[in-house]
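Student: Got a predicted model here, sequence first, then my questions.
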Amino acid sequence: MKLMPALSRFAEGVAAALLAIIFVAFIIQIALRYLFNWPVGWTTEVSLLAWLWLVLWGAAFVLKDHEEIRIDFLTAHVGRRARIAMGIVGAIGVVVLFSMQLPAAYDYVSFMKVEKSSYLNTRFDVLFSIYLVFSVAVIGRNLWNLVQLLRGKDPAVAPPDQVSSAL
């Protein structure tokens, strides 16, 4: 078994589990409120936290580069070499900016250990730690893209076997 497909399936499984948690919490919230006249707040908190983790986890590990929504009005009208040059500048910019914000983000997430969620009583540093994982993944992905771009490959272009599924 290859490592990358297994990790990809694991990441997709985590995203699917988070989506299931959101759905189940939503159904429980409706049932408790409208069937038993017992409104509870923890279901909303679970849904919001699972959504936060789902979005950042998915952006970090599930979404492929060619599946991202891009504003390509500049790159669509230039040649391959110019597109790769723009990609190099963009990747360097993302790596630099995310690297610059990482220490402050870590300090902030670490500081949030003094606060706890209202219903689940979970420390905010644990809840918001996904942002640090996301930031490191963005840096790593853009470093990988930079290497690919310097080799003359454009990672934002869908592989030929995935063109129809990307549309």
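Tutor: Here it is on my side, so go on.
Student: Longest helix in this structure, please.
Tutor: helix 80-111 (DSSP state H).
Student: Remind me what it packs against, helices and strands.
Tutor: Packing partners of helix 80-111 (3 or more CB pairs under 8 Å, 6 or more residues apart in numbering; DSSP states H and E): helix 124-127, helix 129-150. The C-beta positions use only the backbone N, C-alpha and C, and glycine is treated the same way.
Student: Now distance to residue 97 and mean pLDDT too, for those helices, in JSON lines please.
Tutor: Formatted as JSON lines, these follow (distance: least, CB to CB, whole Å; pLDDT from 0 to 100):
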{"stretch": "helix 124-127", "distance to residue 97": "23", "mean pLDDT": "94"}
{"stretch": "helix 129-150", "distance to residue 97": "10", "mean pLDDT": "96"}
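Student: Redo those helices as CSV? Include distance to residue 76 and mean neighbour count.
Tutor: Below are the helices and strands packed on helix 80-111 laid out as CSV (distance: least, CB to CB, whole Å; neighbours: other CB atoms under 10 Å):
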stretch, distance to residue 76, mean neighbour count
helix 124-127, 39, 17
helix 129-150, 17, 17
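Student: Which of those sits closest to residue 96?
Tutor: Ranking the helices and strands packed on helix 80-111 by proximity to residue 96 (CB to CB) places helix 129-150 first, at 9.5 Å.
Student: tilt between the closest one and helix 80-111?
Tutor: Relative orientation of helix 129-150 versus helix 80-111 (axes from the mean of the first three to the mean of the last three CA atoms, to 10 degrees): 160 degrees.
Student: Just the CA coordinates for helix 129-150, please, in CSV.
Tutor: In CSV, the C-alpha atoms belonging to helix 129-150 read as follows (Å, rounded to 0.1, in the frame of the first residue of the first chain):
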residue,chain,number,x,y,z
SER,A,129,-5.3,24.2,17.4
ILE,A,130,-6.5,23.2,14.0
TYR,A,131,-5.5,26.6,12.7
LEU,A,132,-1.9,25.8,13.5
VAL,A,133,-2.2,22.5,11.7
PHE,A,134,-3.8,24.3,8.7
SER,A,135,-1.0,27.0,8.7
VAL,A,136,1.8,24.4,8.7
ALA,A,137,0.0,22.4,5.9
VAL,A,138,-0.4,25.6,3.8
ILE,A,139,3.3,26.3,4.2
GLY,A,140,4.3,22.7,3.4
ARG,A,141,1.9,22.5,0.4
ASN,A,142,3.3,25.8,-1.1
LEU,A,143,6.9,24.7,-0.5
TRP,A,144,6.0,21.6,-2.5
ASN,A,145,4.3,23.7,-5.2
LEU,A,146,7.4,25.9,-5.3
VAL,A,147,9.6,22.9,-6.0
GLN,A,148,7.3,21.6,-8.7
LEU,A,149,7.1,25.1,-10.3
LEU,A,150,10.9,25.4,-10.3
